[in-house]
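Undergrad: please work out how this folds:
(2 chains, ligands or ions: 2)
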Amino acid sequence: MSNFEFDWSAVFQAVPALVKGAELTVVITFGGLFFGFIIGVTAGWMKLAGNMVSKAVANFYIEAIRGTPFIVQVMFLYFGVPLALGFRIPPLVAAIIALSLNAGAYIAEIVRGAIQSIDRGQTEAGRSIGLTAPQAMRYVIWPQAFRRMLPALGNQFIISLKDTSILVVIGVGELTRTGQEVIAYNFRAFEVWFAVAVIYFVMTFSVAQIIKYMERR
Amino acid sequence: MIEITNLHKAYGELEVLKGIDVRIEAGEVVSVIGPSGSGKSTLLRCINQLEEATSGRIVVNGHDLCARGTNINLVRAEIGMVFQSFNLFPHLTVLENVTLGPRKVRRMPVKAANDVARRVLEKVGLSGKIDAYPSQLSGGQQQRVAIARSLALSPKAILFDEPTSALDPELVGEVLSVMRDLANEGMTMVVVTHEMSFARDVADRVIFMDGGHIVEDGPPKEVFKAPKSPRLKDFLRHVVQH
Ligand SMILES: Nc1ncnc2c1ncn2[C@@H]1O[C@H](COP(=O)(O)OP(=O)(O)OP(=O)(O)O)[C@@H](O)[C@H]1O
Ligand SMILES: [Mg+2]
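TA: Ligands and ions are numbered 1, 2, ... in the order given. This next block holds a predicted model:
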């Protein structure tokens, strides 16, 4: 063994910066999942109820995202797409767009699966009392489907939260990037990565608890 | 009340209804019997357009269901449907199950809808279960809630598709007794059933279906005591044995 000693002061000094990074991680995660949910519901619904064209579009989107690494999606969006557009996308905006598009594809499948899992008899009962198709969706199918989505959505939340660390490659100052920067001047890789890991864990664990609580209600 | 002319229904190659002609008058209680796969459910589902007919004419309460411009949702609200598997909304309480139609389809204010719901729930003997969720009820109670859910829309007719087939034997009676009360009050009812006692004692008319056709149609006395077709004779022999 080397004469390594865990330096607590390095951790304490790093904490304010790391917390700032964690805040940005949370912002990106919430932003990404908010838009990801909208995209996911739209794509899931297109796959369920759309015509041939919208089904094909939704399918292509979902498969393209699921079949490629997130890091490649991020770099393509941040370094590649601007060349075609002719203007740069600010890193934070690119981060949120990338995460939304990524989470949206997975959420689409979650939404589709949950809606399909609701018994056909529910729609029929709804229609038989005179509800229109959108009403039956809104008052009968969606509330039941949403409850079934919660575990998978919670899981996606945690995956997306951890995936934000990949955004180091475009220099967004989230938690992982902040960790790198702190180490660049104090050289305490062990302590800082340990602290970063603990902060990620506290965040994902909290999310898991909140989801558990919501499922119980 | 319900007038069906030359109704055909096919699923792809499979022709399930092969030309159904039937008239059901207001206040009539009609039992539909027949072997499995003969098209009984399909006929009911065509009447409230859960299935679209391949061809033919269905007129309900003066509304031609196939005509453009018919608001099918409003017609559906006037024809109740009670399913074999109850199909209550599991995320809603009994009261909410029953008020959903009045509130969203009839656009009743909450208080008026609740009053209607209390009245129909009392009728089916479930006043005490207003705040329960379907999963907390027995099958017989669930089916009675389902009947109340239909009644809350003041339907002109109610279609029942084997309403007691999913019930434990000791729970069948409570549902049949609610249906008997409705029949006595003059509700128009079309009841697909394997309960021959209900068909015999409550129905004004019995329709025997086989192979997508109506094979016999008459008062229960004639149909049960003096079946004309060999197929009905055969069917009755099998049913009585079970
Ligand atoms: N959605 C569907 N797609 C394809 N075939 C169907 C569909 N619904 C019913 N069928 C077929 O239509 C035929 C008649 O079905 P239906 O449910 O009307 O019979 P039934 O008389 O109600 O029988 P049971 O007593 O078993 O309920 C059956 O052969 C069935 O397999
Ligand atoms: Mg049937």
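
Undergrad: confirm residue A:159 sits in a helix?
TA: Yes - looking at residue A:159 with DSSP: H, G, I helix; E, B strand; the rest coil, it is inside a helix.

Undergrad: for it, grab the count of nearby residues.
TA: 14 (other Cβ atoms under 10 Å in any protein chain shown). From N, CA and C alone the C-beta is placed, and that goes for glycine too.

Undergrad: out of everything not next to it in sequence, what's closest to residue 109?
TA: I'll assume chain A. In this structure, residue A:109 finds its nearest non-sequential neighbour in residue A:62, 6.5 Å apart by Cβ to Cβ, 6 or more residues apart in numbering or on different chains.

Undergrad: right idea, wrong chain: chain B
TA: Leaving out its chain neighbours, the residue that sits closest to residue B:109 by Cβ to Cβ, 6+ apart is residue B:103, at 8.0 Å.

Undergrad: what packs against whichever strand or helix holds that neighbour?
TA: In the assignment (DSSP states H and E), residue B:103 maps to helix B:94-104. Helix B:94-104 is packed against helix B:110-123, helix B:139-151, with contacts defined by 3 or more Cβ pairs under 8 Å, 6 or more residues apart in numbering or on different chains; DSSP states H and E.

Undergrad: and the residue of chain B found nearest chain A, what does it touch?
TA: Using Cβ to the nearest Cβ, residue B:77 is the residue of chain B that sits closest to chain A, at 2.9 Å. Residue B:77 sits next to A:129-130, B:101, B:105-106, B:153, B:155 when contact means Cβ atoms under 8 Å, 6 or more residues apart in numbering or on different chains.

Undergrad: and the residue of chain A closest to chain B?
TA: Counting by Cβ to the nearest Cβ, chain A gets nearest chain B through residue A:130, at 2.9 Å.

Undergrad: for the nearest residue to that residue once chain neighbours are set aside, helix, strand, or coil?
TA: Of all residues not flanking residue A:130 in the chain, residue B:77 sits nearest, at 2.9 Å (Cβ to Cβ, 6+ apart). Here residue B:77 is helix, with the state taken from three-state DSSP.

Undergrad: from residue B:69, how far out is residue B:77?
TA: Residue B:77 sits 17 Å away from residue B:69, going by Cβ to Cβ, to the nearest Å.

Undergrad: now do residue A:100
TA: For residue A:100, the distance to residue B:69 - Cβ to Cβ - is 43 Å.

Undergrad: more crowded one of the two?
TA: Here residue A:100 and residue B:69 are compared on neighbour count by other Cβ under 10 Å; more neighbours surround residue A:100, at 23 against 6.

Undergrad: how about stretch A:178-195: buried residues?
TA: A:178-183, A:188, A:191-192, A:195 (16 or more other Cβ atoms under 10 Å in any protein chain shown).

Undergrad: how about the residues you listed in JSON lines, adding pLDDT?
TA: Below are these laid out as JSON lines (pLDDT from 0 to 100):
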{"residue": "A:178", "pLDDT": "96"}
{"residue": "A:179", "pLDDT": "95"}
{"residue": "A:180", "pLDDT": "95"}
{"residue": "A:181", "pLDDT": "95"}
{"residue": "A:182", "pLDDT": "94"}
{"residue": "A:183", "pLDDT": "94"}
{"residue": "A:188", "pLDDT": "92"}
{"residue": "A:191", "pLDDT": "93"}
{"residue": "A:192", "pLDDT": "95"}
{"residue": "A:195", "pLDDT": "95"}
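
Undergrad: flag every residue of chain B that's near chain A.
TA: Residues of chain B found near chain A, taking Cβ under 8 Å from any Cβ of the partner chain as the criterion, are B:48, B:50, B:73-74, B:76-81, B:83, B:85, B:87-91, B:100-101, B:104-105, B:146, B:149-150, B:153.

Undergrad: of those, keep whichever come out buried.
TA: Neighbour-count burial (16+ other Cβ under 10 Å) is assigned, among these, to B:48, B:50, B:73, B:76-81, B:83, B:85, B:87-91, B:100-101, B:104-105, B:146, B:149-150, B:153.

Undergrad: look at the nearest residue to residue B:143 once chain neighbours are set aside and say how many residues are nearby.
TA: Leaving out its chain neighbours, the residue that sits closest to residue B:143 by Cβ to Cβ, 6+ apart is residue B:175, at 4.9 Å. By other Cβ under 10 Å, 25 other residues sit near residue B:175.

Undergrad: what of residue A:156?
TA: 23.

Undergrad: measure it to ligand 1 for me?
TA: The spacing between residue A:156 and ligand 1, counted by Cβ to the nearest ligand atom, to the nearest Å, is 34 Å.

Undergrad: circling back to that earlier point, kindly reformat the buried residues of stretch A:178-195 as TSV containing distance to ligand 1.
TA: Converted to TSV, the buried residues of stretch A:178-195 look like this (distance: Cβ to the nearest ligand atom, whole Å):
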residue	distance to ligand 1
A:178	58
A:179	57
A:180	59
A:181	61
A:182	63
A:183	63
A:188	67
A:191	64
A:192	62
A:195	59
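
Undergrad: picking up where we left off before, the contacts of residue B:77 in helices, which ones?
TA: Judged by DSSP state H, helices contain the following of the contacts of residue B:77: residue B:101.

Undergrad: residue boundaries of the strands in chain B?
TA: B:2-11, B:14-24, B:29-33, B:55-60, B:63-64, B:79-82, B:157-161, B:188-192, B:205-210, B:213-218 (DSSP state E).

Undergrad: and these, which is most packed in?
TA: Highest mean neighbour count of these: strand B:79-82, a mean of 27 (counted as mean count of other Cβ atoms under 10 Å in any protein chain shown).

Undergrad: if I pick residue 195, what's in contact with it?
TA: With no chain named, the answer covers chain A. A:11, A:14-15, A:18, A:179.

Undergrad: that's the wrong chain, I wanted chain B
TA: Residues near residue B:195 by Cβ under 8 Å, 6+ apart: B:164, B:172, B:176.
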